[in-house]
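Novice: Structure of the sequence below:
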Amino acid sequence: MNEPVPLFDYIGELPECPTWCETGRRLYWTDILRKELHSCRPDGTDHRILRFEEEVGCFALREKGGFILAMRTGIYLADAQGTIERKICDNPNNPLLARFNDGGVDPYGRFYAGTYWSPRDYNGALLCRVDAGLTVKVVQCDILGANGLAFSPDGRWMYTTDTPNHVLYRTPIDPASREPGRREVFMSFPRGNGRPDGAAMDVEGCYWTALFDGHRIARISPAAEILEEHRLPARCPTMVCFGGDDMKTLYITTTRENMSEDELRERPLSGALFTMRTAVAGMRKPAFKED
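Specialist: Predicted coordinates:
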């Protein structure tokens, strides 16, 4: 069985949002705490870094080229060199209390981005969506830390996680209106054995999740059964994505945020970027579509 190995000699602080660019054959990811957007070739060579004034919680590639970025104060469009072109909207949360965290693009090319409510005193985070006309709508609330966005291959279900609350949700998407329906609990995870963080979907409709604080990733069936688990030499994986020419390479980001010097000596690969081959291909991430 394949197991995750480091892609190259790289250690970040809080790497997140790995994203495969099919046309450029490059892997992109953000390091939230270092306010950086990274990219490299599939083998880890030609590592490049774009730096920003704020944390980039999540991003997506634009169909027109460049990025849509969910940063602390709002959502922005940037060109391929990272130069900000325009601000789409303010952070609908108080940016002093909540930054953007996880996000991605749905099958219709719309960008979703969720926030993380730092005070953790109530479920104050939210999930919002940017459509092709650059209008913004809050689609879900009652979240502590928005994460785990992925869509089923038929587009009928949107999956999200609330990492601090240890829960994986799924929400039906109406095929006519393309609007989300009533959110329901898909799986709850027991305390002390990892909680669901960022995710990706494969072509068989199985949901791959990074189990933060759980030393592993898991593949979950549409019937909510855990089919595979793969252990990592890092305690906190943050997100997964598929890439490569056949979409059978899984990339896994991990973090070293809030870890003691003793733990970092014990687990020096915390913050590394891992990769492994999979038997099943993953779904391609759509690009953000603008009018």
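
Novice: Can you give the strand pairings for the helix or strand encompassing M276, parallel or anti for each?
Specialist: Using DSSP states H and E, M276 sits within strand 273-277. As defined by DSSP bridges, the strand partners of strand 273-277 come to strand 5-6 (antiparallel), strand 249-254 (antiparallel).

Novice: beta partners for the closest residue to W20 other than its chain neighbours?
Specialist: Leaving aside its sequence neighbours, W20 sits nearest to G243 (Cβ to Cβ, 6 or more residues apart in numbering; 3.0 Å). Any C-beta I mention is one placed from the backbone N, CA and C, and that applies to glycine too. Taking DSSP bridges as the rule, G243 bridges to T249.

Novice: For Y108, what are phi and psi?
Specialist: Here is the backbone geometry of Y108 (degrees, to the nearest 10): phi -100, psi 10.

Novice: what about the strands in the stretch 1-150 of the chain?
Specialist: Here the stretch 1-150 of the chain has its strands, by DSSP state E, counting those that start in this stretch, at 5-6, 15-21, 26-31, 36-40, 48-51, 56-61, 67-71, 74-78, 84-90, 98-105, 111-117, 125-130, 136-143, 146-151.

Novice: so can I have CSV of these showing distance to G192, mean neighbour count and mean pLDDT?
Specialist: Listed next are the strands of the stretch 1-150 of the chain as CSV, based on distance: least, Cβ to Cβ, whole Å; neighbours: other Cβ atoms under 10 Å; pLDDT from 0 to 100:
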stretch, distance to G192, mean neighbour count, mean pLDDT
strand 5-6, 27, 14, 98
strand 15-21, 23, 24, 98
strand 26-31, 28, 24, 98
strand 36-40, 32, 19, 98
strand 48-51, 36, 13, 98
strand 56-61, 27, 26, 98
strand 67-71, 31, 26, 98
strand 74-78, 35, 21, 98
strand 84-90, 38, 13, 97
strand 98-105, 23, 26, 96
strand 111-117, 21, 26, 97
strand 125-130, 23, 24, 98
strand 136-143, 22, 16, 97
strand 146-151, 19, 26, 98
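
Novice: Now render those as CSV, adding distance to T209.
Specialist: Putting the strands of the stretch 1-150 of the chain into CSV (distance: least, Cβ to Cβ, whole Å) gives the following:
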stretch, distance to T209
strand 5-6, 20
strand 15-21, 13
strand 26-31, 17
strand 36-40, 22
strand 48-51, 27
strand 56-61, 16
strand 67-71, 20
strand 74-78, 25
strand 84-90, 28
strand 98-105, 12
strand 111-117, 15
strand 125-130, 17
strand 136-143, 16
strand 146-151, 6
